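1. Any chance you could fold what I've pasted below:
(one chain, ligands or ions: 1)
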Amino acid sequence: MERCVAFLKEADVYYLATVDGDQPRVRPFGTANVFEGKLYIQTGKVKDVSKQIHNNPKVEICAFKDGQWLRIAGELAEDERREARQAMLDAYPSLQNMYSADDGNTEVFYFKNATATFSSFTAAPEVVTF
Ligand SMILES: Cc1cc2nc3c(=O)[nH]c(=O)nc-3n(C[C@H](O)[C@H](O)[C@H](O)COP(=O)(O)O)c2cc1C
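-> This is a model prediction of the structure:
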């Protein structure tokens, strides 16, 4: 899992796919933080992406870096604890211009039942679960 987070941070941007009824939705994301041994991402409750995750927590993310791509498929669970939100904001000080732990908008989710696959054109896929 630490390897996944390092890859996401080095790639800088990943793409988060959600399910909206029968329509896939995808958008760029950047937040990825380890808290209490789990991979967390951050968003805002006002966003469509948040509503989609609450309706259907199954998501997939994809990032590409140096000829290798990482896909993580799994479910996102909201962590409603203030300390979980604050840990994310501490890891991304730039977010503090737009978000705070008590604004009623900021939310963080952690991955569960995740299958991460590292792929490239030159090597067999490597699969990690967490
Ligand atoms: C490089 C980059 C990184 C981003 N990272 C995040 C992020 O970590 N969390 C977030 O909520 N929005 C992030 N955004 C903004 C979302 O992509 C944007 O709000 C998007 O419209 C949300 O999806 P939605 O319109 O389906 O709700 C990022 C945008 C860019 C360009």
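2. Which parts of the chain are helices?
-> Assigned by DSSP state H, the chain shows helices spanning 2-11, 48-55, 82-91.
3. Dump the ones you listed into a markdown table; add mean pLDDT and mean neighbour count as well.
-> All C-beta atoms are positioned from the backbone trio N, CA, C, and that covers glycine. Formatted as a markdown table, the helices of the chain follow (pLDDT from 0 to 100; neighbours: other C-beta atoms under 10 Å):
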| stretch | mean pLDDT | mean neighbour count |
| --- | --- | --- |
| helix 2-11 | 96 | 16 |
| helix 48-55 | 98 | 16 |
| helix 82-91 | 98 | 18 |
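4. Serialize the ones you listed to JSON lines and add fields for distance to F118.
-> Converted to JSON lines, those look like this (distance: least, C-beta to C-beta, whole Å):
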{"stretch": "helix 2-11", "distance to F118": "7"}
{"stretch": "helix 48-55", "distance to F118": "24"}
{"stretch": "helix 82-91", "distance to F118": "23"}
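5. and the ligand, which of those is closest to it?
-> helix 48-55 (3.6 Å; C-beta to the nearest ligand atom).
6. show me what contacts the spatially most central residue of the chain?
-> In the chain, the residue lying closest to the centroid (C-alpha atoms, centre = their mean) is I41, at 3.9 Å. With contact taken as C-beta atoms under 8 Å, 6 or more residues apart in numbering, I41 is in contact with L16, F29, T31, A32, N33, L76, V108, F109, F111.
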